[in-house]
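A.B. asks: Turn this into a structure:
(one chain, ligands or ions: 1)
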Amino acid sequence: MNTESGSEPKFKTKTSPKAEPALNELFLDSLRDIYWAENHLVKVLPKMSQAATSAKLVEALENHLAETKEHVSRLEVIFDMLGQVAVAKKCDAMEGLAKEGEGIVEGTDEGTATRDVGIILASQKVEHYEIATYGGLTQLAKTLGLDEVAEILAQTLAEEKLADELLTEVAENEVNYQAAEEA
Ligand SMILES: [Fe+2]
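C.D. replies: Numbers count the residues shown, from 1 in each chain. The predicted structure follows:
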């Protein structure tokens, strides 16, 4: 265990005055990351809805595209509130998840429920990534005393959760059964 004497501890706790700016910087960096991710989704979601067959799935993806554009705007509001320029920092995770979705579309036949199942699986991975991100960022904003920012992030978090639930509904009520028939 580390004691006060000897070498510098590997991880400093927030007792030092420098701790909060570092945490702030981490928070800003995470906002830039999800800002890139949301902007990337605005480009990827139309490809997914175009590739989908189920009307309910197409509707869910189109609704979420509209929400995603709103999520981008909300992040811009947050950057503004923090006196920061909205800068996107490439999110490797979202890039990978999007590629996985595109790979599923390429690997399945057009007009099949099997492809729809794949699109739902890929989309739900995206939603879970976003839920984890917004959940963590909401908590971090509260820790930093940024209550208004936390409220905005919580609003987006709620929408991501709802989008995920809607995709589950489409899968359970319709698409999964149809895909099983195709097998
Ligand atoms: Fe989003």
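
A.B. asks: how about residue 159, what does it touch?
C.D. replies: The contact partners of residue 159, taken as Cβ atoms under 8 Å, 6 or more residues apart in numbering, are 67, 70, 71. Backbone N, C-alpha and C define where each C-beta goes, glycine included.

A.B. asks: mind giving me a markdown table with these and columns for neighbour count and distance to the ion?
C.D. replies: Listed next are the contacts of residue 159 as a markdown table, based on neighbours: other Cβ atoms under 10 Å; distance: Cβ to the ion, whole Å:
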| residue | neighbour count | distance to the ion |
| --- | --- | --- |
| 67 | 18 | 6 |
| 70 | 14 | 8 |
| 71 | 25 | 4 |
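
A.B. asks: So which of the residues you listed belong to helices?
C.D. replies: 67, 70, 71 (DSSP state H).

A.B. asks: Could you point out the member of those that lies closest to residue 98?
C.D. replies: residue 71 (15.4 Å; Cβ to Cβ).

A.B. asks: Surely the closest one is in contact with residue 39?
C.D. replies: No - using Cβ atoms under 8 Å, residue 71 is not in contact with residue 39; the gap is 9.6 Å.

A.B. asks: any idea of the mean pLDDT in the host helix or strand of residue 154?
C.D. replies: Using DSSP states H and E, residue 154 sits within helix 147-170. Mean pLDDT, helix 147-170: 97.
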